[in-house]
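Novice: Sequence first, then the predicted structure:
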Amino acid sequence: MSNNNAGAPSRPSAVQSVDRAISVLEVLAHAGQAGVTEIAAELGVHKSTAFRLVSALEARELVEQDSDRGKYRLGLGILRLAGATTARLDVVQEARPKARTLAIETGETVNIAVLSEGAALYLDQVAGSSSVQSSHNWVGQRIPLHATSNGKTLLSGLTDDQIRRETGRKLAAYTPKTVTDHTTLLAEVAEVRADGYSVVSDELEIGLTAVAAPLRNAHGDVVASLSVSGPTFRFDADKVDAARKHVVAAAEEISARLGWRLSPGSA
């Protein structure tokens, strides 16, 4: 009987390689620097195996070689990965006190989201007095960019070409109100850029309305989105307008804490 997978690496082998590569990083983190022979001894593998692992990590700039001593150390790629995590933690840390105040002011659920692999990744959530019992926990979930106020706010920091790449070729319909064509989506995102906030009702699920505004860093880049969400029946025109003012003000205050300065002509 023929084996169609002949020659292909087995899944356990691939997982073992990942585990060993992580072990290399841990060895270097502990030792500071180490040669291939030392790494092989720590991992209990042949020197050639250690060299292949180190070479793969070096190609991704996760490790680098000391040209004088020939030993390896952690590379700049590690700093980039750590920096991305630190930046997200900074956003949550700076935003949480204001998010609590915003939840009290509006009585609704407050969420903080970032762009992540073609979706809005929810990092933090604070429930308001009106939503304590019924609020869905979004933390850790990835939500469609084209069907949410947080998503459209995050997209407002991108170019049109970047938006098309992030959202993919097909925009899925979640309700009859979901935007499913890029032309309409790009037009709506352009409005978000101009207005400084996004309002979405019943696009991800019927009965859910949310208002979001961008969180910016010192360079003015949109690094996250802050939103207030609740049942559509509670969000009449007056409630949406009040929530919008609170969200925009809170987002500007948080952005200031992240280093952004509102230009005089943009207020």
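Specialist: Done, it's in.
Novice: How confident was the prediction at residue 138?
Specialist: On pLDDT, residue 138 comes in at 69.
Novice: same question, the one 4 residues further on
Specialist: Residue 142 carries a pLDDT score of 88 in this model.
Novice: List the residues that contact the nearest residue to residue 247 once chain neighbours are set aside.
Specialist: Ranked by C-beta to C-beta, 6 or more residues apart in numbering and with sequence neighbours excluded, the top spatial neighbour of residue 247 is residue 213, at 4.8 Å. Where C-beta positions appear, they are placed from N, C-alpha and C, glycine not excepted. Residues in contact with residue 213 (C-beta atoms under 8 Å, 6 or more residues apart in numbering) are 153, 196-198, 225-227, 247-248, 250-252.
Novice: Can you list the strands that the helix or strand that residue 213 is a member of pairs with?
Specialist: Assigned by DSSP states H and E, residue 213 belongs to strand 208-216. Strand 208-216 has the following strand partners under DSSP bridges: strand 198-201 (antiparallel), strand 222-231 (antiparallel).
Novice: which one of the ones you listed is the most hemmed in?
Specialist: Ranked by mean neighbour count, the strands paired with strand 208-216 are led by strand 222-231 with a mean of 26 (mean count of other C-beta atoms under 10 Å).
Novice: Any idea how many residues pack against the closest residue to residue 64 other than its chain neighbours?
Specialist: In space, and not counting its chain neighbours, residue 64 is closest to residue 75: 4.0 Å by C-beta to C-beta, 6+ apart. Residue 75 is flanked by 18 other residues according to other C-beta atoms under 10 Å.
Novice: Report how many residues lie close to residue 98.
Specialist: So residue 98, with other C-beta under 10 Å, has 21 neighbours.
Novice: Same check on residue 187?
Specialist: 11.
Novice: Start at 49, not 1
Specialist: With the count now opening at 49, the last piece we talked about shows up as residue 235.
Novice: does it count as helix, strand or coil?
Specialist: Of the three states, residue 235 takes helix under DSSP: H, G, I helix; E, B strand; the rest coil.
Novice: For it, which residues are in contact?
Specialist: Contacts of residue 235 (C-beta under 8 Å, 6+ apart): none.
Novice: Just the pLDDT at the residue nearest to residue 112, thanks.
Specialist: Here, the pLDDT recorded for residue 123 equals 82.
Novice: Please report how far it lies from residue 86.
Specialist: Shown here: residue 123 relative to residue 86, a distance of 17 Å by C-beta to C-beta, to the nearest Å.
Novice: what's in contact with stretch 216-226?
Specialist: By C-beta under 8 Å, 6+ apart, the residues outside stretch 216-226 that reach it are 166, 192, 194-195, 227-230, 233, 249-254.
Novice: So which bits of it are buried?
Specialist: Within stretch 216-226, the residues that count as buried by 16 or more other C-beta atoms under 10 Å are 219, 222, 226.
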